[in-house]
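*Asks:* Please find the sequence and the predicted model below.
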Amino acid sequence: MKRTRPTSLIGLGVLGLVVGFLGELAASGTGVAVFIPPLTLPITLVAVAIIVVAFAVPIRRAVRGRSSRRIDPFQATRIVVLAKACSLSGALLTGAGAGILIYILTRDVLPASNAVLLTALGTAGAVILLVAGLVAEFFCTLPPDDKDDDPEAARARSH
């Protein structure tokens, strides 16, 4: 599996920003109340971030040789896929939170007294999820194999 590319994260962030801003604009244009993230959103995002890093730590220890416990490769694959999903969804939610925050801050009248704070906390929780996903993905990478780096050895094995 390949590492998460920065272009994917930036693309999802920009997509989230556009959707968040235009969604708020459409909601206020039709007379519907704008979306303000609840306080439980950043709490949940930070909890998921902690869990995904906690799942990746035993794999990191095994890769570094600090643990004698054998890691199931299927478990490691599941954790790295979860980490990648967290980083991608964190990028999307960061963009959406930024779009909502930009919409709120560009209005003449703020929707509620704590709307900016709740939106900023939701965006910060999404950034934490994004970073935790990238860290967990890094924890699950294997060191390069010496045999794969030597082109002479690769040619000798193929003949």
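*Replies:* Looks like it arrived, so ask away.
*Asks:* Give me the distance between Leu39 and Gly122.
*Replies:* According to Cβ to Cβ, to the nearest Å, Leu39 and Gly122 sit 9 Å apart. C-beta coordinates here come from the backbone N, C-alpha and C atoms, glycine included.
*Asks:* So for the two, which sits in the more crowded spot?
*Replies:* Gly122 (26 against 12; other Cβ atoms under 10 Å).
*Asks:* what about the closest residue to Glu137 other than its chain neighbours, is that helix, strand or coil?
*Replies:* Counting by Cβ to Cβ, 6 or more residues apart in numbering, Ala83 is the residue found nearest to Glu137 once chain neighbours are left out, at 4.2 Å. Under DSSP: H, G, I helix; E, B strand; the rest coil, Ala83 falls in the helix class.
*Asks:* what does the model give Ala83 for pLDDT?
*Replies:* With respect to pLDDT, Ala83 has a value of 94.
*Asks:* so where's this structure shaky on pLDDT?
*Replies:* 1, 67, 143-159 (pLDDT under 70).
*Asks:* The most centrally placed residue in the chain is in what secondary structure piece?
*Replies:* Geometric centre of the chain, nearest residue: Ser87, 2.0 Å, by Cα atoms, centre = their mean. For Ser87, the element it lies in under DSSP states H and E is helix 73-105.
*Asks:* Packing partners of that helix?
*Replies:* The elements that helix 73-105 packs onto, with contact taken as 3 or more Cβ pairs under 8 Å, 6 or more residues apart in numbering; DSSP states H and E, are helix 6-29, helix 40-64, helix 115-139.
*Asks:* Could you identify which of these is most buried?
*Replies:* Mean neighbour count (mean count of other Cβ atoms under 10 Å) peaks for helix 115-139 among the helices and strands packed on helix 73-105, with a mean of 21.
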